[in-house]
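In: could you look at this predicted model? Sequence included:
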Amino acid sequence: MKVNFLGLPDEQNARVALIPAPLEFTTSWKKGTKEAPLEILKVSPNIEFFDEETRTEPALILGFYTYPVQELSNSLEQAIDEISHTVKSALIKKLFPIVIGGEHTVSLAVVKALENFFENFKVIHLDAHLDQRDKYLNTQINHATVMRRILERGHPVLSIGIRSCSKEEYEFLNSAENLEVIWAEEVHQNFPQVLKKIEDFSQNSKIYLSFDMDVFDPALAPGVGTPEPGGISWYQALQILKLVVKYSLIGFDLVEVMPLPCHQITEYTAVRLIFKLCAYLSEKYERTGTLF
Ligand SMILES: [Mn+2]
């Protein structure tokens, strides 16, 4: 199945790839995140194609190529390899990868793909949850351990918007190297300090950004697997996004949307966020002539 981002035809000379990753193996509560990539792409033609903040039309500046929604295999390891493979095929063509999940485990697949192209990079992780468990439900690779696995691969992690973790994770924080946390409370109480910390973390580094939609307050994104009160606002998210794009952003994923039957707020918020990212990338591309 293939539904194109913004309903636009694929561009020959596209700079950005939209990669649906309908991975769903380890969700804890209700199922449905598998449907998210398609549902997010389906609402995308309804938004404005012009961004008033940057005064850009990302589709004209960047050009998009949307990958079909992949039928993933029944083995988690194989499905991760399949997603990695698709991301690599985009990176070979020098397309900037925007990966739409699926559960958070998707990030591990993207990180593995990026490792083939970039020697060192750091990860900025927006989420309500730390995802730093060593094991969860007796397995090591799942949505609750994904950032631990990424950290173990040698990538420093900055987690932002966190407001839920286990005792084991909290204790791990004190001993873990290369793991920094900005709690949601700090985002609400001292946002300028948060921006400063992001700048310090990102300086002179390549950055991969993983965006779990439950970092938002549930009012903005009620359709997520595990909603938590006290999330960040739309404009806080945009400021963080804008700041990170300024540095060397090498890829992006948006994960954990679980479409609800009653309304599509979450899908719209998701697609607007992806669009805003594209607007900031357009601005950068116009200014510097390059995305990476
Ligand atoms: Mn989460």
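Out: Perfect, I can see it now. Numbers count the residues shown, from 1 in each chain.

In: and the residue found closest to residue 12 once you drop the neighbours it is linked to in the chain, how far from residue 10?
Out: Leaving aside its sequence neighbours, residue 12 sits nearest to residue 63 (Cβ to Cβ, 6 or more residues apart in numbering; 7.8 Å). C-beta here means a position set from N, CA and C on the backbone, and glycine is covered the same way. Using Cβ to Cβ, to the nearest Å, we find residue 63 at a distance of 8 Å from residue 10.

In: residues contacting the closest residue to residue 202 other than its chain neighbours?
Out: Spatial nearest neighbour of residue 202, excluding adjacent residues (Cβ to Cβ, 6+ apart): residue 247 at 4.1 Å. For residue 247, the residues meeting the contact criterion (Cβ atoms under 8 Å, 6 or more residues apart in numbering) are 202, 203, 205, 207.

In: doesn't residue 17 lie inside a helix?
Out: No. Looking at residue 17 with DSSP: H, G, I helix; E, B strand; the rest coil, it is strand, so not inside a helix.

In: partner residues bridging it?
Out: Here residue 17 sits in beta bridges with residue 65, residue 97, going by DSSP bridges.

In: if I look at it, how far off is residue 230?
Out: Relative to residue 230, and taking Cβ to Cβ, residue 17 is found at 34 Å.

In: looking at the two, which is more packed in?
Out: Summary of the neighbour comparison: residue 17 and residue 230, criterion other Cβ atoms under 10 Å, with residue 17 having more neighbours (24 against 15).

In: relative to residue 41, how far out is that one?
Out: Counting by Cβ to Cβ, the gap between residue 17 and residue 41 amounts to 13 Å.

In: over to residue 140?
Out: Look at residue 140 and residue 41: by Cβ to Cβ, they are 31 Å apart.

In: now do the contacts for the most centrally placed residue in the chain.
Out: The geometric centre of the chain, computed from its C-alpha atoms, lies nearest to residue 253 (Cα atoms, centre = their mean), at 2.6 Å. For residue 253, the set of contacting residues under the criterion of Cβ under 8 Å, 6+ apart consists of 21, 98, 99, 100, 101, 106, 107, 110, 209, 210, 211.

In: repeat for residue 275
Out: 6, 44, 47, 51, 58.

In: please repeat the previous calculation with a cut-off of 7 Å.
Out: Residues in contact with residue 275, defined by Cβ atoms under 7 Å, 6 or more residues apart in numbering, are 47, 58.

In: that one belongs to a helix, doesn't it?
Out: Yes. Residue assignment for residue 275, taken from three-state DSSP, places it within a helix.

In: need the pLDDT of it.
Out: At residue 275, the predicted lDDT confidence score is 98.

In: same thing with residue 28?
Out: The pLDDT attached to residue 28 in the predicted structure is 65.

In: name the residues of the stretch 101-250 of the chain found near the ion, please.
Out: Counting by Cβ under 5 Å from the ion, the positions of the stretch 101-250 of the chain adjacent to the ion are 127, 128, 129, 212, 214.

In: just give me the neighbour total for the last one.
Out: What it means is residue 214. Burial of residue 214, expressed as a neighbour count using other Cβ under 10 Å, amounts to 29.

In: wait, it sits on residue 223?
Out: No. Counting by Cβ atoms under 7 Å, residue 223 is not a contact partner of residue 214; they are 9.8 Å apart.

In: for the strand or helix carrying residue 100, packing partners?
Out: In this structure, residue 100 is located in strand 96-101 according to DSSP states H and E. Here strand 96-101 is seen to pack against strand 16-21, helix 36-43, helix 76-92, helix 106-115, strand 248-255, helix 265-288 when contacts are counted using 3 or more Cβ pairs under 7 Å, 6 or more residues apart in numbering; DSSP states H and E.
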